[in-house]
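A.B. asks: Provided below for reference: sequence and predicted model.
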Amino acid sequence: MAEEGISFDKMTEDELVAMLEEQNRLLQQNSKVPYLPPRQGSELERLASVSSTTSGTSSTAATTESSSNNVRAGTSASSVLGSILSAVLHPDGTDKTSPVQSLTKDSSSSSEPVDEYQVWGDLLATWDDAQKRKLKTVQKLVRSGIPGKVRGLAWQMMSGAKNIALQHGYVELLERDSPCEKQIRRDLARTFPDHAFFKEKDSLGQEALFNVMKAYSLHDREVGYCQGSPFIVGLLLMQMPEEDAFGVLVRIMQEYRLRELFKPSMSELGICLHQLDSLVQEHLTELYGHFQAQGFQSTMYASSWFLTLFASALPLGMVFRIMDLFLLEGMDAVFRVSMAVLQDACDELLNLDMEGMVKLLQNSLKQRFGDPAKQAELFQQAFEVKINSRKLKKVGKDFQLQRERETEETVENRRLRNENQILLHRIGILEEETQTLAHRLIEGQVTRANEAEEVFTLRREMVQLRKQLQELSDTRSSTPSAEDVERLQHRVGQLEEDSDELTLLRQREADMASALAGSQARIADLASQTVELCRLQRRETELTTEVSTLKEDVGLLQDQLAERNRQLALLDDPGSGTACSESPLYCQQPVNGVAANEADC
């Protein structure tokens, strides 16, 4: 075919590549598409290589010069790019009929079929403008399917991976060591094990996959490496060189919520699963009730759908189209396809138990949708699913707030438990002090009783001695004998000593009374603390009841996960090539936000 005097059918592969690079440079000067430096394995060279089997080998430099002159004479960059893509993709000179004729500008006035590669060439050449002004047209084109031979370039444009600095940084990252290398190596063989590009050990595909995953684990240390992400990288590597794949991976991680899915806590995955549950409850009420009756949680079947964008569940051709939709619509595309899968299998799921549902949704989807007609029907169902993005965001926000409250309650429960332990320790110490004071109080009371008895005896003796003294005074002369005086003085001395001792005893009694008053004050303080402790113990009892309920729920979920692991272990067949991504990768996914044990490095 020809475009404004340019004869592409007679050009060799080298000449086509040279022209592609020239047009790419012109587009870069116009700031419409990023400049892709010529390098081995670049997207444009890979596209041009398709024409190598049919393009002629006798082209002359005059043809190339003529083409260049025609371009400089006024051929638009976008038209030439579309023509070059058409020439590369149709080296035999034939036009391909496209289902998107009605979407082009001149389709209403022309009855001839429109070349979809020409349409996509024009679209990619003016991508920024098309995104702003022709969003519905772009949506229709993407939903119709991006042509496979321009898909890699389209993904780069759709994701906005235009930063050449990322490619330079990629080379620098490869020169460093990553702590996740061992985990990455372990999972290489589990990623697309049946695909020729990845199935051979130490193949170019596996090495490229390792390089991209290693570079990203160093680029984003918070995420590092997470099982499931190699499937997304594998999809990118099937369409573009590893430098470009790294750039697209960085963009979709940052702009499409995937980074939040792959964080160690995997909190975003729990939100997505809860949002999917709300959609199932709204659109498939009967199926939702069946899931609840069987204890069948969305984490048992949908975790891998979100983490791999269905790469581990559906045929590869469908996964490419899902990636097309994902780059255009974001996470809504995954919700649409998920709902379409459940709608398609709804009648069968209603008649299955938990084991049967796991087998159907995890192991049988590739066979179920192997027919292209069935695939087209599924995508049509997905496009018809009505999703209220605002309502879905509200559901996710409410779930996140609820989970934060539960977390706060757990933290408060731990704090109260620690305070309770401290109070119990203090109460133990106070009880020991109370026992000591009570023992001393009893001893003081016994001592006071003994002293009172001694005082009573002394007073009685003094009364008797006074009586005796009075009698002696009455019976004898007024001048007592020396012996009587000495005896009386001795007795009076003894009484004075007893009086002094009595004074000391009274002083000790006053001290004991003061100590007793202090002890009573401490006992009153202990009584108030005991009341507060009782209140805290009641609060602890309430929190313990709540924690027990939560533990029962967690235990139920763990039993369900254990049952699923057992079922997946029974279904695991190392020779089938699919078990590697369905058994060890996702059997430990988090339950509504609870992180897996091997989520990442």
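C.D. replies: That came through, no problem.
A.B. asks: residues near Ala562, how many?
C.D. replies: A count of neighbours around Ala562, defined by other C-beta atoms under 10 Å, yields 11. For glycine as for every other residue, the C-beta is placed from the backbone atoms N, C-alpha and C.
A.B. asks: measure it to Leu360 for me?
C.D. replies: The spacing between Ala562 and Leu360, counted by C-beta to C-beta, to the nearest Å, is 20 Å.
A.B. asks: and what of Ala513?
C.D. replies: 86 Å.
A.B. asks: which one's more surrounded, those two?
C.D. replies: Per other C-beta under 10 Å, whichever of Ala513 and Leu360 has more neighbours is Leu360, with 17 against 12.
A.B. asks: hmm, that one is touching Leu350, no?
C.D. replies: No - the criterion here is C-beta atoms under 8 Å, and Leu360 misses it with Leu350 at 11.4 Å.
A.B. asks: packing partners for the top helix by length along the chain?
C.D. replies: Scanning the chain for the helix with the most residues, using DSSP state H, yields helix 482-571. Packing partners of helix 482-571 (3 or more C-beta pairs under 8 Å, 6 or more residues apart in numbering; DSSP states H and E): helix 354-363, helix 389-475, helix 579-582.
A.B. asks: compute the inter-axis angle for that helix and helix 354-363.
C.D. replies: 60 degrees (axes from the mean of the first three to the mean of the last three C-alpha atoms, to 10 degrees).
A.B. asks: what pLDDT, on average, does helix 482-571 get?
C.D. replies: Mean pLDDT, helix 482-571: 80.
A.B. asks: ok, the residue nearest the centre of the chain to Leu392 distance?
C.D. replies: Centroid-nearest residue in the chain, with C-alpha atoms, centre = their mean: Met266, separated by 1.3 Å. Using C-beta to C-beta, we find Met266 at a distance of 19 Å from Leu392.
A.B. asks: same check, this time on Met253
C.D. replies: 21 Å.
A.B. asks: quick one: contacts of stretch 375-385?
C.D. replies: Contacting residues not belonging to stretch 375-385 are listed as 143, 283, 315, 317-318, 321, 325, 333, 335-337, 339-341, 343-344, 369 [C-beta atoms under 8 Å, 6 or more residues apart in numbering].
A.B. asks: quick one: average pLDDT of that stretch?
C.D. replies: Stretch 375-385 comes out at a mean pLDDT of 92.
A.B. asks: CA-only coordinates of it in CSV, if you can.
C.D. replies: Only the C-alpha atoms of stretch 375-385 are listed here, as CSV (Å, rounded to 0.1, in the frame of the first residue of the first chain):
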residue,chain,number,x,y,z
GLN,A,375,-14.6,-14.8,25.6
ALA,A,376,-16.5,-12.2,23.6
GLU,A,377,-19.7,-13.0,25.5
LEU,A,378,-17.9,-12.5,28.8
PHE,A,379,-16.5,-9.1,27.9
GLN,A,380,-19.9,-8.0,26.7
GLN,A,381,-21.3,-9.0,30.1
ALA,A,382,-18.5,-7.1,31.7
PHE,A,383,-19.3,-3.9,29.7
GLU,A,384,-22.9,-4.2,30.8
VAL,A,385,-22.2,-4.3,34.5
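A.B. asks: by mean pLDDT, which helix or strand of the protein comes out lowest?
C.D. replies: One helix or strand of the chain scores below all others by mean pLDDT, DSSP states H and E: helix 61-72, with a mean of 33.
A.B. asks: packing partners of whatever helix or strand Asp347 lives in?
C.D. replies: Assigned by DSSP states H and E, Asp347 belongs to helix 346-349. Other elements packing on helix 346-349 under the criterion 3+ C-beta pairs under 8 Å, 6+ apart are helix 285-294, helix 354-363.
A.B. asks: so what's the gap between whatever helix or strand comes next after the last one and the chain middle?
C.D. replies: Yep, that's helix 354-363 we're talking about. Next helix or strand after helix 354-363 toward the C-terminus (DSSP H and E): helix 365-368. Distance of helix 365-368 from its chain centroid, counting by C-alpha atoms, centre = their mean, to the nearest Å, is 28 Å.
A.B. asks: what mean pLDDT does helix 365-368 have?
C.D. replies: Mean predicted confidence for helix 365-368 is 90.
A.B. asks: which residues are in contact with it?
C.D. replies: Against helix 365-368 from outside (C-beta under 8 Å, 6+ apart): Ala313, Leu314, Pro315, Val341, Asp344, Ala345, Leu360, Lys374, Thr578.
A.B. asks: alpha carbons only: can I get it in CSV?
C.D. replies: The C-alpha coordinates for helix 365-368 follow below in CSV (Å, rounded to 0.1, in the frame of the first residue of the first chain):
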residue,chain,number,x,y,z
LEU,A,365,-11.9,-20.8,34.1
LYS,A,366,-9.3,-21.3,31.5
GLN,A,367,-11.2,-24.2,30.0
ARG,A,368,-14.5,-22.5,30.5
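A.B. asks: name the residues of that helix that are buried.
C.D. replies: Buried residues in helix 365-368, counted by 16 or more other C-beta atoms under 10 Å: Leu365, Arg368.
A.B. asks: that helix: what's the following helix or strand?
C.D. replies: Defined by DSSP H and E, the subsequent element after helix 365-368 is helix 372-384.
A.B. asks: average pLDDT for the strand or helix carrying Gly247?
C.D. replies: In this structure, Gly247 sits in helix 242-255 according to DSSP H and E. What helix 242-255 shows for mean pLDDT is 90.
A.B. asks: and that helix, what does it pack against?
C.D. replies: Contacts defined by 3+ C-beta pairs under 8 Å, 6+ apart place helix 242-255 against helix 151-159, helix 164-174, helix 204-219, helix 229-237.
A.B. asks: between those, which gets nearest to Arg133?
C.D. replies: With C-beta to C-beta as the criterion, Arg133 lies closest to helix 151-159 of the helices and strands packed on helix 242-255, at 15.5 Å.
A.B. asks: could I have the CA atoms of the closest one written out in PDB?
C.D. replies: These are the backbone C-alpha positions of helix 151-159, laid out as PDB (Å, rounded to 0.1, in the frame of the first residue of the first chain):
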ATOM      1  CA  ARG A 151      -0.400  -3.100  22.200                       C
ATOM      2  CA  GLY A 152       3.000  -2.600  23.800                       C
ATOM      3  CA  LEU A 153       3.300   1.000  22.500                       C
ATOM      4  CA  ALA A 154      -0.400   1.600  23.400                       C
ATOM      5  CA  TRP A 155       0.200   0.400  27.000                       C
ATOM      6  CA  GLN A 156       3.200   2.800  27.300                       C
ATOM      7  CA  MET A 157       1.100   5.700  26.100                       C
ATOM      8  CA  MET A 158      -2.000   4.800  28.200                       C
ATOM      9  CA  SER A 159       0.100   4.400  31.400                       C
END
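A.B. asks: that one vs helix 229-237, what angle?
C.D. replies: Using the same axes, to 10 degrees: helix 151-159 against helix 229-237 is 110 degrees.
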